[in-house]
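Asker: predicted model, plus sequence, below.
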Amino acid sequence: MTDAYGWTGKNRRAQRIIHPASGTTFLVPLDHSLADGPVASAAGFAGLVEAMAANEVDGIIVHKGRVRFLPTASLGKLALIVHLNGSTQHAPDVDAKILVGAVEEAVALGADGVSVHINLGSSTEAAQLTDLGTVAARCARWGLPLLAMVYPRGPRITDPTDPALLAHAANVAADLGADIVKLPFTGSPLTMREVVEASPIPVVTAGGGVIGDTGKFLDLIDSTMESGVTGVAVGRNIFQAPDPGSLARSVARRVHAGLRPAKPLAVPGQALAETAA
């Protein structure tokens, strides 16, 4: 019964993360303050969240301690994803991610999901994969969707946008129990579609480095959505924009424009039941 309740909880919370009408999602990660330093002043951060809530963003990603300072009214309009691991730019190995939060803490905060960052090919890959598996087990227990951010990044990686490598990254996330995977964009809708088709779980793409030209940035969003991804997760290109709210609205309307059936979370036994039927 625990598993049944857990998957019911996952699917109910996923409806907060994935837009019910479009079957897509637009997430804004704001967890960069742990790794890189403040993304805004204290008051500015709250204003940024308010702007996201007012401009059709589906959800935000923050660390557990930040939730205390977020405007309650805005959280009523946004899915809350709590990021559970991290590192700072001052660490000896910036690719090494360690757990700094727990699923139970996210549940207590009223989160709709949690996320974990994995650097595939890094020197500490083994420890990070272990953490992902542990978090996935706790998410199954508590009925919380898990977003795995899997980036090919480290001394063994020569091309972090290689489609075959990204397809592998997506399957690593799925095999260890994640419900949604966040990946870099390959740079081509055609090759990204290959990655999406190889993934048994929904794929969202990362926003990448800052693109100063708004037109080029929005063209990138269009190209990304053409590949059939479930959505995008854009941080720096939004919160560093001159008008984050206006740009977020433009991205949201592109992400939500093409109606498509949402790829559901994988419920245990579902494939066997469909085969038997």
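Answerer: Happy to help now that I have it.

Asker: after the lengthiest helix in the chain, next one along is what?
Answerer: Counting by DSSP state H, the longest helix found in the chain is helix 125-142. On the C-terminal side of helix 125-142, the nearest following helix or strand under DSSP states H and E is strand 146-152.

Asker: can you list contacts of the next helix or strand after that following strand?
Answerer: Next helix or strand after strand 146-152 toward the C-terminus (DSSP H and E): helix 163-175. Residues from elsewhere that reach helix 163-175, judged by CB atoms under 8 Å, 6 or more residues apart in numbering: 118, 120, 129, 132, 148, 150-152, 157, 159, 181, 183-184, 186, 191-192, 194-195, 198-201, 203, 266. Glycine gets a C-beta too; all of them are placed from N, C-alpha and C.

Asker: list the contacts for Thr25?
Answerer: Thr25 touches 17-19, 58-59, 204, 230-231, 255, counting by CB under 8 Å, 6+ apart.

Asker: who wins on neighbours among the residues you listed?
Answerer: In terms of neighbour count, Gly231 stands highest of those at 29 neighbours, by other CB atoms under 10 Å.

Asker: may I see the PyMOL selection of the buried members of the contacts of helix 163-175?
Answerer: Of these, the buried ones can be selected in PyMOL as follows, counting by 16 or more other CB atoms under 10 Å:
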select buried, resi 118+120+129+132+148+150+151+152+157+181+183+184+186+191+192+194+195+198+199+201+203+266
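
Asker: shaky segments in the stretch 1-150 of the chain?
Answerer: 1-6 (pLDDT under 70).

Asker: that one: helices as residue ranges?
Answerer: With DSSP state H, counting those that start in this stretch as the criterion, the stretch 1-150 of the chain has helices at 2-17, 32-36, 42-53, 72-75, 103-108, 125-142.

Asker: buried stuff in the longest one?
Answerer: Applying a neighbour-count criterion of 16+ other CB under 10 Å, one finds 125, 128-129, 131-132, 134-136, 138-142 buried in helix 125-142.

Asker: can you redo the contacts of Thr25 as CSV with distance to Leu99?
Answerer: As requested, the contacts of Thr25 are arranged in CSV below (distance: CB to CB, whole Å):
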residue, distance to Leu99
Ile17, 21
Ile18, 26
His19, 30
Asp58, 25
Gly59, 21
Val204, 22
Thr230, 26
Gly231, 26
Val255, 30
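
Asker: out of these, which is nearest to Phe45?
Answerer: If you rank the contacts of Thr25 by distance to Phe45 using CB to CB, Gly59 comes first, at 16.1 Å.

Asker: show me the contacts for the residue nearest to that closest one when sequence neighbours are not counted.
Answerer: Excluding its sequence neighbours, the residue lying closest to Gly59 (CB to CB, 6 or more residues apart in numbering) is Ala79, at 3.1 Å. Applying CB under 8 Å, 6+ apart, we find Ala79 in contact with 13, 16-17, 27, 58-60, 112-113.

Asker: for the buried residues of helix 125-142, name the two members farthest from one another.
Answerer: Taking CB to CB, no two of the buried residues of helix 125-142 sit farther apart than Glu125 and Trp142, at 26.0 Å.

Asker: wait, Thr230 touches Ser22, no?
Answerer: No. Thr230 is not in contact with Ser22 according to CB atoms under 8 Å; the separation is 9.8 Å.

Asker: for Thr88, find the nearest of the helices of the stretch 1-150 of the chain.
Answerer: Across the helices of the stretch 1-150 of the chain, closest to Thr88 is helix 32-36 (CB to CB), at 5.7 Å.

Asker: can I get the CA coordinates of that closest one in PDB?
Answerer: This file holds the C-alpha atoms of helix 32-36, laid out as PDB (Å, rounded to 0.1, in the frame of the first residue of the first chain):
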ATOM      1  CA  HIS A  32      22.600  29.500  -8.100                       C
ATOM      2  CA  SER A  33      23.100  31.500  -5.000                       C
ATOM      3  CA  LEU A  34      24.700  28.500  -3.200                       C
ATOM      4  CA  ALA A  35      27.200  27.800  -6.000                       C
ATOM      5  CA  ASP A  36      27.900  31.300  -7.300                       C
END
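
Asker: perfect, that will be all.
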